[in-house]
Structures are given as structure tokens and as C-alpha cells.
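Enquirer: Next come a sequence and a model predicted from it.
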Amino acid sequence: MSLIENQDQARRLARAIVSDVALYNREKVEQGIKEDNIFELLNEQLAEGREHFQSRVSKELAESNIFDIAVVDVLIKRAGKIESNIW
């Protein structure tokens with residue numbers, strides 16, 4: 001399998017991975033937003049997702065902030081409707 005070298009494709013992959021993390025961990029996402037500890041609660045899942053992302057993209061894209069941006073866009077922004085003191 002060849003590595004992804006296109007930035008747009010890498011963004012889509014990162015968003016898909018983070019979407020899966022959010023989908024399969026809904027309760028942790030809600031609890032993490034409410035208690036402002038989402039990164040601690042999802043540390044293992046996000047680390048696994050990042051590893052998967054890095055294994056599929058070129059070294060340059062793996063070292064970029066594409067995955068981090070996907071985490072914010074998909075995991076945090078979409079959780080904006082959850083009541084929390086962080087908003």
C-alpha cells in the first residue's frame with residue numbers, strides 16, 4: 001500500500017479516524033467535555049488513531065498538525081452542544 005502524500009486526502013483520513021474515535025466512544029466524549037478531561041479519557045484511543053494516521057501518510061504529513069486539527073474540528077467543535085464549564 002502506498003502512503004498518502006496529498007494533504008487533502010490526509011485531512012480526510014484524519015477526520016475519518018477521529019470521527020470513528022468519537023463514534024465508538026460517545027460516553028467518554030460527553031463525560032470528557034463535561035469534566036474538561038477529554039484528552040485524558042481518550043488518550044489511548046487518540047494515540048492509536050494517531051499511530052494509524054501516521055502509518056498511512058508520508059513522513060512530512062505525519063509530522064504536520066493535520067491530525068491535531070482533525071481532533072479539534074471533529075471531537076471538540078462537534079461537542080459544542082454538550083453543557084460544560086469550558087464553553
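Expert: Looks like it came in fine. Residues are numbered from 1 along each chain as shown.

Enquirer: Please spell out which residues along the longest helix seen in the chain are buried.
Expert: Looking across the chain with DSSP state H, the single longest helix is helix 7-24. Neighbour counts over helix 7-24 (16 or more other CB atoms under 10 Å) mark 10-11, 13-15, 17-18, 21-22 as buried. In this view, the C-beta of every residue, glycine as well, is placed from N, C-alpha and C.

Enquirer: and the least confident of those?
Expert: Of all the buried residues of helix 7-24, residue 22 carries the smallest pLDDT score, 94.

Enquirer: how near is it to residue 59?
Expert: 27 Å (CB to CB, to the nearest Å).

Enquirer: what does residue 52 give?
Expert: Counting by CB to CB, the gap from residue 52 to residue 59 is 15 Å.

Enquirer: And the two? Which one has more around it.
Expert: Shown here are residue 52 and residue 59; by other CB atoms under 10 Å, residue 52 has more neighbours (15 against 10).

Enquirer: circling back: from the buried residues of helix 7-24, which is closest to residue 73?
Expert: Of all the buried residues of helix 7-24, residue 73 sits closest to residue 15, with 6.9 Å by CB to CB.

Enquirer: from memory that closest one sits against residue 72, does it?
Expert: No: using CB atoms under 8 Å, residue 15 is not in contact with residue 72, being 10.9 Å away.

Enquirer: Okay, buried residues for the helix-or-strand element of the chain with minimal mean pLDDT please.
Expert: When each helix and strand of the chain is scored by mean pLDDT, DSSP states H and E, helix 26-35 comes last, with a mean of 91. For helix 26-35, the neighbour count (16+ other CB under 10 Å) marks 28-30, 32-33 as buried.
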